[in-house]
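Asks: A structural model of the following input is requested.
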Amino acid sequence: MMPVKPTYEELEQRIKELETEAIKHKNIDRAFRESEERFRTLSEATFEGIAIHEGGVLLTANEQYFRMFGYDPQELIGQQVIPLTVAPLSREFIEKQIKSGVTGSHEIMGLKKDGTEFPIETNVKSMEYQGRLVRVVAIRNISERNRTDKELIEGEERYRTILDSNPDPAVIYDMDGKVVYLNPAFTSVFGWTQEERLGKKMDNFIPEEEWPILQKLFEEGNTNACFLDVESRRYTKEGKILDVSISGAFFKDSKGMPAGSYVTLRNITENKKMEKALRESEEKFRRLSYMDDLTGVANRRYFEEIFNVEWGRGARDRSPMSLIMCDIDFFKAYNDRLGHQSGDDALKQVADLLRSTLRRPGDMAARYGGEEFVVVLPDTDKKGAALVAELLRANVEVSGIAHPDSPICKSVTISIGVATTIPGGRHKPASLISKADHAMYQAKKEGRNRVKISD
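Replies: Modelled structure (predicted):
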């Protein structure tokens, strides 16, 4: 049976179908070449090595891949590259990954052509390539990163060693005031361990009245790099309060924003106690330097100092100045009858009466010697001085300090002399003292227990 010849129309239709099929394959081939070109362009533009494997056989790779391992392309393409590019200790792991089809990121040891082993990070994905399922591997040399990580770790260890060796308590806070680090000295002084405080605020560490100071330091941390020797107080774990001197610095993150603070706290509690004791000792010495040991009023040396100061002020201001001198009447007889201890007690009581009677801050009573006292009255005229003198005399008389051998009164009395002048000019300080002393002895001659005003 003879085959049926196709008609012209059928031949023409078949030719068109073949032409369409040819165009389709041509377009597919062009698209594949363009896709492959895009892949190559992208792979060459990256710093990573990129390779396409099928069962461990290298199909293609970018220039960085060959440069990373030190091979020419013709030495690796079409070859089993695992023995050539993976260090012996990592080969079994990679072969298992290929066999199981596992993808993802791994850190392994690579192998260069010259035998040098180096750390690499691989990122594996499965995909279809030229109609086959292949593994696309991106490979990064992480030698520098590992070296940087190592240096960072070593640096952190050095800094931690330094911090741990600091004899003063040290703490690192974040900007929320939470603890990031405590050194052993902190635990030794304050009692808290790093495990107890890590990630927590130190609320029960800082007395309430100290928070404003701390708040100010944190606010200023945006502009000031450090703070030095800020005196403050802190609680220990047991609730004991310590005086501390705080120094520290704020540090910033990679964006230049404040990230936290490093603070050292020097325990100055004992120093504070010593300073207080020293101040008290100095104050005691200062008081002793101008105070009469027995009576507690000013001594003669301090009287002379203040008298000269007030004389100079009166001379400048042309203001009057008065001086009162007084003597305990029949004091020898008092001592002979009652003894020197009673005599000392009487001196103390009279001194207290003189001091308590004076009202103005500038007025001053002093022991002049023996049973004699002197009172300085700045900016006081004769009339005012006479009133003060009479008040002093009366207060001593009515105080009731018994004097069994006084011929004029059953209690202790005083005789007073008063002198007034305007300092400066022909008047000298000694002349005012002499006039007050002379007036006092005139009061004694006239019968004692009285006030005599100098002319």
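
Asks: Name the SS class of Asp352, please.
Replies: Following DSSP: H, G, I helix; E, B strand; the rest coil, Asp352 is assigned to helix.

Asks: what about it, neighbour count?
Replies: 15 (other CB atoms under 10 Å). (C-beta placed from N, C-alpha, C; glycine too.)

Asks: what sits against it?
Replies: Each residue near Asp352 by CB atoms under 8 Å, 6 or more residues apart in numbering is listed here: 295-296.

Asks: cool, and Glu121?
Replies: Contacts of Glu121 (CB under 8 Å, 6+ apart): 105-107, 139-140, 142.

Asks: Mind telling me what element Leu84 is part of?
Replies: Leu84 is part of helix 82-85 when elements are defined by DSSP states H and E.

Asks: what mean pLDDT does that helix have?
Replies: Across helix 82-85, the average pLDDT comes to 90.

Asks: Pull the CA coordinates from that helix and hand them back as CSV.
Replies: Provided in CSV are the C-alpha atoms of helix 82-85 (Å, rounded to 0.1, in the frame of the first residue of the first chain):
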residue,chain,number,x,y,z
ILE,A,82,36.5,18.2,48.0
PRO,A,83,40.0,16.6,48.4
LEU,A,84,41.5,19.6,46.7
THR,A,85,39.8,22.5,48.6
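
Asks: After it, which helix or strand is next? Please name it.
Replies: Following helix 82-85 toward the C-terminus (DSSP H and E): helix 88-100.

Asks: roughly how far out does that next one sit from the chain middle?
Replies: Between the centre of helix 88-100 and the centre of its chain there are 56 Å (CA atoms, centre = their mean, to the nearest Å).

Asks: just checking, what packs against the following helix or strand past that helix?
Replies: Per DSSP H and E, the first helix or strand lying C-terminal to helix 88-100 is strand 104-111. With contacts taken as 3 or more CB pairs under 8 Å, 6 or more residues apart in numbering; DSSP states H and E, strand 104-111 sits against helix 63-69, helix 82-85, helix 88-100, strand 117-129.

Asks: any idea of the mean pLDDT for the first one?
Replies: Per-residue confidence for helix 63-69 averages out to 89 on the pLDDT scale.

Asks: and that helix, C-alpha only, in CSV?
Replies: The C-alpha coordinates for helix 63-69 follow below in CSV (Å, rounded to 0.1, in the frame of the first residue of the first chain):
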residue,chain,number,x,y,z
GLU,A,63,37.2,34.2,39.7
GLN,A,64,37.3,34.8,43.5
TYR,A,65,36.8,31.1,44.1
PHE,A,66,39.9,30.1,42.1
ARG,A,67,41.9,32.9,43.6
MET,A,68,40.9,31.9,47.1
PHE,A,69,42.2,28.4,46.7
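
Asks: when you give positions from now on, start the count at 45
Replies: From this message on, residue numbering opens at 45, which makes the last subject helix 107-113.

Asks: Lys245 and Gly221 touch, don't they?
Replies: Yes. With contact defined as CB atoms under 8 Å, Lys245 counts as touching Gly221 (5.0 Å).

Asks: For Leu322, grab phi and psi.
Replies: Backbone torsions of Leu322, given as degrees, to the nearest 10, read phi -70, psi -40.

Asks: if we can go back for a sec, of the helices and strands packed on strand 148-155, which is nearest Val353?
Replies: strand 161-173 (84.9 Å; CB to CB).

Asks: Past the closest one, which element shows up next along the chain?
Replies: strand 176-185.

Asks: Let me see the residues that make contact with that next one.
Replies: With contact meaning CB under 8 Å, 6+ apart, strand 176-185 is reached by 90-98, 103, 109, 112, 142, 147, 154, 162-173.

Asks: From the contacts of Glu165, pick the one nearest Met318.
Replies: Ile186 (57.9 Å).

Asks: List only buried entries from the contacts of Glu165.
Replies: Neighbour counting with 16 or more other CB atoms under 10 Å marks 183-184, 186 as buried within these.

Asks: start to end distance for stretch 165-181?
Replies: Start to finish, the residues bounding stretch 165-181 are 10 Å apart (CA to CA, to the nearest Å).

Asks: May I see the buried residues of that stretch?
Replies: So for stretch 165-181, counting by 16+ other CB under 10 Å, buried means 165-166, 168, 173, 178-181.

Asks: and that stretch, how far from the chain's centre?
Replies: Per CA atoms, centre = their mean, the centroid offset for stretch 165-181 relative to its chain is 58 Å.

Asks: Same question for stretch 401-409.
Replies: Going by CA atoms, centre = their mean, where stretch 401-409 is centred and where its chain is centred differ by 46 Å.

Asks: Give me the buried positions along that stretch.
Replies: Counting neighbours by 16+ other CB under 10 Å, one finds that the buried residues in stretch 401-409 are 401-402, 407-409.

Asks: Identify all contacting residues around that stretch.
Replies: Outside stretch 401-409, the residues that touch it by CB under 8 Å, 6+ apart are 341-342, 347, 350, 354, 395, 398-399, 417-424, 432, 435-436, 439.

Asks: Using neighbour counts, trim these to the buried set.
Replies: Buried positions within those, assessed by neighbour count (16+ other CB under 10 Å), are 341-342, 347, 350, 354, 395, 398-399, 417-424, 432, 436.

Asks: Now Pro228: closest residue in space, sequence neighbours ignored.
Replies: Closest residue in space to Pro228, ignoring its immediate chain neighbours: Asp208 at 5.8 Å, by CB to CB, 6 or more residues apart in numbering.

Asks: For that neighbour, pull up the helix or strand it's in.
Replies: helix 187-209.

Asks: Show me what the very next helix or strand once past that helix is packed against.
Replies: Sequence order places strand 214-218 as the next helix or strand after helix 187-209, per DSSP H and E. Packing partners of strand 214-218 (3+ CB pairs under 8 Å, 6+ apart): strand 223-226, helix 228-234, strand 302-311.

Asks: Lovely, talk soon.
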